[in-house]
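Peer 1: quick one, fold the following:
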Amino acid sequence: MMKMKKISIIFLSTLMIFSLAACNKTTVPSTVKVKVNGKTISTEDYDKKLAQMKEMYEAENGTEIWEQEVEPGKTFKKYLEDMVLESMILDIVLEEEATKAGITVDEKELDERFAKYKEYFPSEDEYTKFLKDSGMTESFLKETLKAEMLIEQFLAIKSEDINKLEPSEADLKALYEDKKSMFDKIEASHILVDDEKTAKEIKGKIDNGEDFAKLAEEFSTCPSKERGGDLGYFAKGEMVKEFSDVAFNMEVGQISDPVKTKFGYHIIKLTDKKLSYEDVDKEELEYQFKALKYNDMLDKFIENAKIEK
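Peer 2: Numbering: from 1, shown residues only. Here you go, the predicted structure:
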């Protein structure tokens, strides 16, 4: 409940198959959002894609997600707006890069993918209605699926190359120092209640020797109550600021006074710290090293494209 979901910065819009209507090439765009190597992304297409992504995230996380900060001064709403446009730009760029790399799509595999896509529809009539309502032709739909497959193959090859990288100890230490806030983690449990009075009463019970985990099971409103309040390990940015500011300044074994956040009042128990390079999971460091190389590759593709906003 407390942890903000980790959200990948890479979205291939063609993978969101039901958004194809928003990319209908038969529609003449009224306004241009951006041009990528001469190809147009219309404001209309962008707005449709953004609306779809907002609906998806809101259904999963609720309306409160929009004002959550993903970084200082940047709300999730603004983050999503930027991410959707970047993903649409990236699709165009990656399709071109795949073509330049000589990648082709096997027609038999394309037909199989197309057949699987049609299985989303309960009947042929429903499929025909979808095409009609979206103003889309079957040939355009196939071309879109073909582009998706081109991108998939291209990225699979590039990912394989990156996975072969073997970062040195110096590389991993440099990454850790640069991204300490990502890798430094603590382990904590908490008891969450709605009001300060109840929180103070529970803290008094703990001070008098009652078991923290049992009190969490009895009183906490967080799903972590099923684990005695255990939240596992988390980085600072994965919790709301008020919670993290207190938890990351506690000593192992210490139990906090009630801490107020938008979720209610928390009593926090710190159970472990991993705040040095020696404590970090080296597999996680290596994974993040390769993930950053992957993102750097995508950034370079975009940087080399001609983008006119």
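
Peer 1: from residue 247, how far out is residue 260?
Peer 2: 14 Å (Cβ to Cβ, to the nearest Å). Where C-beta positions appear, they are placed from N, C-alpha and C, glycine not excepted.

Peer 1: between those two, who's got more neighbours?
Peer 2: residue 247 (24 against 12; other Cβ atoms under 10 Å).

Peer 1: list the residues that contact that one.
Peer 2: 186, 188, 239, 256, 268, 270 (Cβ atoms under 8 Å, 6 or more residues apart in numbering).

Peer 1: which residues in the chain form strands?
Peer 2: Using DSSP state E, the strands of the chain run over residues 32-36, 39-42, 69-71, 74-75, 185-193, 230-235, 259-261, 264-274, 307-308.

Peer 1: quick one: these as JSON lines, columns for mean pLDDT too.
Peer 2: Listed next are those as JSON lines, based on pLDDT from 0 to 100:
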{"stretch": "strand 32-36", "mean pLDDT": "91"}
{"stretch": "strand 39-42", "mean pLDDT": "90"}
{"stretch": "strand 69-71", "mean pLDDT": "77"}
{"stretch": "strand 74-75", "mean pLDDT": "88"}
{"stretch": "strand 185-193", "mean pLDDT": "98"}
{"stretch": "strand 230-235", "mean pLDDT": "96"}
{"stretch": "strand 259-261", "mean pLDDT": "97"}
{"stretch": "strand 264-274", "mean pLDDT": "97"}
{"stretch": "strand 307-308", "mean pLDDT": "90"}
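
Peer 1: highest mean neighbour count out of those?
Peer 2: strand 185-193 (a mean of 24; mean count of other Cβ atoms under 10 Å).

Peer 1: off-centre distance for it?
Peer 2: Computed by Cα atoms, centre = their mean, to the nearest Å, the chain-centroid distance of strand 185-193 equals 23 Å.

Peer 1: show me the contact partners of that strand.
Peer 2: Counting by Cβ under 8 Å, 6+ apart, residues outside strand 185-193 touching it are 1-2, 199, 202, 212-213, 215-216, 219-222, 224-225, 227-235, 243, 247-248, 250, 263-275.

Peer 1: dump the contacts of residue 247 into JSON lines; add distance to residue 194 as well.
Peer 2: Below are the contacts of residue 247 laid out as JSON lines (distance: Cβ to Cβ, whole Å):
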{"residue": "186", "distance to residue 194": "25"}
{"residue": "188", "distance to residue 194": "20"}
{"residue": "239", "distance to residue 194": "19"}
{"residue": "256", "distance to residue 194": "17"}
{"residue": "268", "distance to residue 194": "16"}
{"residue": "270", "distance to residue 194": "23"}
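
Peer 1: ok, residue 113 touching residue 149?
Peer 2: Yes: with contact defined as Cβ atoms under 8 Å, residue 113 counts as touching residue 149 (6.4 Å).

Peer 1: show me what counts as buried in stretch 216-230.
Peer 2: Using 16 or more other Cβ atoms under 10 Å as the test for burial, stretch 216-230 gives 216-217, 219-220, 222, 224-225, 228-230.

Peer 1: quick one: end-to-end distance for it.
Peer 2: In stretch 216-230, first residue to last residue: 9 Å (Cα to Cα, to the nearest Å).

Peer 1: helix or strand with the lowest mean pLDDT in this protein?
Peer 2: When the helices and strands of the chain are scored by mean pLDDT, DSSP states H and E, strand 69-71 comes last with a mean of 77.

Peer 1: for that strand, the distance to its chain's centre please.
Peer 2: 12 Å.

Peer 1: what is it packed up against?
Peer 2: Packing partners of strand 69-71 (3 or more Cβ pairs under 8 Å, 6 or more residues apart in numbering; DSSP states H and E): helix 76-100.

Peer 1: taking strand 32-36 as reference, get the angle to the helix it packs on.
Peer 2: 40 degrees (axes from the mean of the first three to the mean of the last three Cα atoms, to 10 degrees).
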